[in-house]
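>>> let me see the structure of the following:
(one chain, ligands or ions: 1)
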Amino acid sequence: MRLIKDIYYLLLDFIYPNKCIVCKRFVGHNDRSICSSCWENFDEMPKQNMVKELSVNDGIDSAFSSWNFKNGFDDVIHYLKYNDMAKLGKELGYRLGKNITPGDFQSIDSITAVPLHRVKYRDRGYNQAEWIGKGLADIWQIPFDKKILKRNRFTISQTTLNKEERQANMANAFSVEKDVKDKSILVVDDVLTTGSTTSACAIVLKNAGAKQVHVLTLSAPSISEN
Ligand SMILES: [Zn+2]
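Residues are numbered from 1 along each chain as shown. Reported below is the predicted structural model:
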C-alpha cells in the first residue's frame, strides 16, 4: 500500500506540480501548502498579551497573535483571504494552536470567528477566520460555534478612517445569537490591527452576559512599527 501511495504522489507531483504559496517553489504533495524554509523565515512574535497595545480594546480581556505581518506572512494572509483554502486555513489554525495554547488565556468555553456579512459570505463562499477557528477547535478540543456572532450590516473599509470614525463604523455592526451568559468566548480573526473589529464583537458579547472575551489572530503588525 505504501508503494502505491508513493507512486500516486509521484504521479500527482508530475501532473499537478504543488507550489509553496509563499515562495512558489515546488514542494511534494506530501508537504503542506507552505514549505519548511518559508515557515523558518516567518517572524514569530514573542508570546504576550497585546491587549494594552491595541488602540481600541474595550471589552477585550486579552489578545494574542502569533506571527508578524511581514517576511512572507503578509502573503499568507492575502492568499487566505482571496482563495478558497479550507485546508490552509486549518493548517494555520493547528500551527497557531500549538504556539498559543488554552493555558495562555484565563478560560475559554467556546471558540468563534469574526463573522462576515451574509452578502459578503454569499459572494465569497467562505470566511477564512472560520477555518482558523476550526483548526484551533480540533487541536485544543474546545467547541467551535460560528453562529455565536452575527454581522448585521456592511461596514465600510476601515483603512482611511481615524480611531473615532472606526468605532462609529463598527458600532452595532454585530449581534449575539447564542446564550453566552457567564461564558468565556475566544474570538478568532486572521489579522489584529487596531482592535476596532474585535472590540465591537467583545462589547456585544459582554452586553449579552459573557464573562470573558479573548482574541486570537494569526498575525499582527509588529508592535514596534505601530
Ligand atoms: Zn516556501
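>>> tell me the buried residues in stretch 79-91?
Judged by neighbour count (16 or more other CB atoms under 10 Å), stretch 79-91 contains these buried residues: Y79, L80, M85, L88, G89, K90, E91. All C-beta atoms are positioned from the backbone trio N, CA, C, and that covers glycine.
>>> can it be said to contact the ion?
No: interface with the ion: stretch 79-91 contributes nothing (CB under 5 Å from the ion), its closest point being 11.7 Å away.
>>> lowest pLDDT pick from the buried residues of stretch 79-91?
Taking the buried residues of stretch 79-91 together, the minimum pLDDT is found at M85 (81).
>>> now do the same contact list for that one.
S33, Y79, Q128, W131 (CB atoms under 8 Å, 6 or more residues apart in numbering).
>>> now M50
A63, F64, S65, L192, A220, I223 are the contacts of M50 under CB under 8 Å, 6+ apart.
>>> make it 7 Å
A63, F64, S65, A220, I223 (CB atoms under 7 Å, 6 or more residues apart in numbering).
>>> same check on N99?
N99 sits in contact with S66, where contact means CB under 7 Å, 6+ apart.
>>> need the max-distance pair from the buried residues of stretch 79-91.
Spanning the widest gap among the buried residues of stretch 79-91 are Y79 and K90, at 14.3 Å by CB to CB.
>>> how about the residues of the protein near the ion?
C20, V22, C23, C35, C38.
>>> the fourth one contacts F26, correct?
No: using CB atoms under 7 Å, C35 makes no contact with F26, being 9.1 Å away.
>>> that older thread, buried subset of the contacts of M50?
For these, buried by 16+ other CB under 10 Å: A63, F64, S65, A220.
>>> surely the second one is in a strand?
Yes: going by DSSP: H, G, I helix; E, B strand; the rest coil, the assignment for F64 places it inside a strand.
>>> for it, give me its contacts.
N49, M50, I100, D104, L216.
>>> strands of this structure, residue ranges please.
Taking DSSP state E, the strands of the chain run over residues 18-19, 26-27, 62-68, 110-113, 149-151, 174-176, 184-191, 212-220.
>>> using JSON lines, lay out these together with mean pLDDT.
Below are the strands of the chain laid out as JSON lines (pLDDT from 0 to 100):
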{"stretch": "strand 18-19", "mean pLDDT": "82"}
{"stretch": "strand 26-27", "mean pLDDT": "82"}
{"stretch": "strand 62-68", "mean pLDDT": "97"}
{"stretch": "strand 110-113", "mean pLDDT": "98"}
{"stretch": "strand 149-151", "mean pLDDT": "94"}
{"stretch": "strand 174-176", "mean pLDDT": "94"}
{"stretch": "strand 184-191", "mean pLDDT": "97"}
{"stretch": "strand 212-220", "mean pLDDT": "97"}
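>>> who wins for proximity to I7 among those strands?
Here strand 18-19 is closest among the strands of the chain (CB to CB), at 16.0 Å.
>>> which strands and helices sit next to the closest one?
Counting contacts by 3 or more CB pairs under 7 Å, 6 or more residues apart in numbering; DSSP states H and E, strand 18-19 is packed against strand 26-27.
>>> which strands or helices does the strand it packs on pack on?
strand 18-19.
>>> low-confidence stretches in the chain?
1, 12-14, 16, 29-31, 154-156, 223-226 (pLDDT under 70).
>>> how is it carved up into domains?
1-41, 43-225 (automatic domain parsing).
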